[in-house]
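Engineer: Turn this into a model:
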Amino acid sequence: MKTKERILHTALELFNEEGEPNVTTNHIADEMDISPGNLYYHFKSKDDIIWQIFLQYEKKIKEVLASPDLNHASMKDMWLYLNMVFDVIVEYRFLYRNLIQLMNRIEFLKRHFRHILALKSQKALLILEQLRNEGTLSADQRTTANLADQIALTSTFWLNYSVAIFDDSFDEQKKLSHGIFHILQMIAPFLDEKQRAFLDELSKQFLD
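Structural biologist: Residues are numbered from 1 along each chain as shown. Sure, this is the predicted structure:
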């Protein structure tokens, strides 16, 4: 791995583990056992490092959000979609834990993240509309659009919410599972019996 790639890898680990505000470029250099001058040869500042990490995140989340359109949709598709989104969120969790501050500090990150939020909502809407077209989801167009926005909102801020409501010792994977099922339960009242039964089965499998 080249030095530039190692810097990004090390910074991501430190940001995730210790929180981005608590990590300086000197911390990153010390962790890598390189000089600060070597680090600054590759990156002008910590914000430059964050921007490059964000671009990695952006590529991965867009790959998830650009998955093939659905000819037939089910709640399993929604569940798989949410799992893929949450997997990327966890990998780059420091972005979400300090999102507002980063957006205020790095203007171009704000613009790009707003676009990602829109894509999240669009993908959720695509699945929900397919469910509605097939008669699985009973909701009008406005309600369906609102549900899609709620899915994007909750998936974006669940990580911070989970830190507040769960003990530090609580299993990390179950934190994510609770987030996914919290989202799915918003949709449940609009589903037919078969799809609600599927959600109940998932709940037994992943939350018990």
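Engineer: which ones are touching the residue nearest the centre of the chain?
Structural biologist: In the chain, the centroid-proximal residue (CA atoms, centre = their mean) is I89; its distance is 3.1 Å. I89 makes contact with 96, 155, 159, according to CB atoms under 8 Å, 6 or more residues apart in numbering. C-beta here means a position set from N, CA and C on the backbone, and glycine is covered the same way.
Engineer: Next one, pLDDT for it please.
Structural biologist: As predicted, I89 sits at a pLDDT of 92.
Engineer: quick one on the thing from earlier: can you tell me which of the contacts of I89 are in helices?
Structural biologist: If you go by DSSP state H, the contacts of I89 have 96, 155, 159 in helices.
Engineer: wait, which of the residues you listed is closest to L102?
Structural biologist: Within the ones in helices among the contacts of I89, distances to L102 taken as CB to CB reach their minimum at Y96, with 9.5 Å.
Engineer: what's the closest one in contact with, if anything?
Structural biologist: 89, 156-157, 159-160.
Engineer: Let's see the ChimeraX selection covering just the buried ones among those.
Structural biologist: Filtering these down to the buried ones (16 or more other CB atoms under 10 Å) takes a single ChimeraX command:
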select :89,156,159
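Engineer: got any ranges where this structure has weak pLDDT?
Structural biologist: Where the chain drops to pLDDT under 70, the residues are 67-73, 206-208.
Engineer: all helices of it, in order?
Structural biologist: Taking DSSP H as the criterion, the chain carries its helices at 3-18, 25-32, 36-42, 46-65, 75-91, 93-97, 99-105, 107-133, 141-165, 172-187, 193-207.
Engineer: How about the contacts made by the closest residue to T144 other than its chain neighbours?
Structural biologist: Sequence neighbours aside, L128 is the residue nearest to T144 in space, at 4.9 Å (criterion: CB to CB, 6 or more residues apart in numbering). If a contact means CB under 8 Å, 6+ apart, then L128 has 78, 137, 139, 144, 147-148, 187 as its contacts.
Engineer: Show me the domain layout of the chain.
Structural biologist: Domain assignment for the chain by automatic domain parsing gives 1-44, 51-207.
Engineer: Phi, psi for D140 please.
Structural biologist: Backbone torsions of D140, given as degrees, to the nearest 10, read phi -80, psi 180.
Engineer: Pick the most buried one from the helices of the chain.
Structural biologist: Greatest average neighbour count among those goes to helix 93-97 (a mean of 20), per mean count of other CB atoms under 10 Å.
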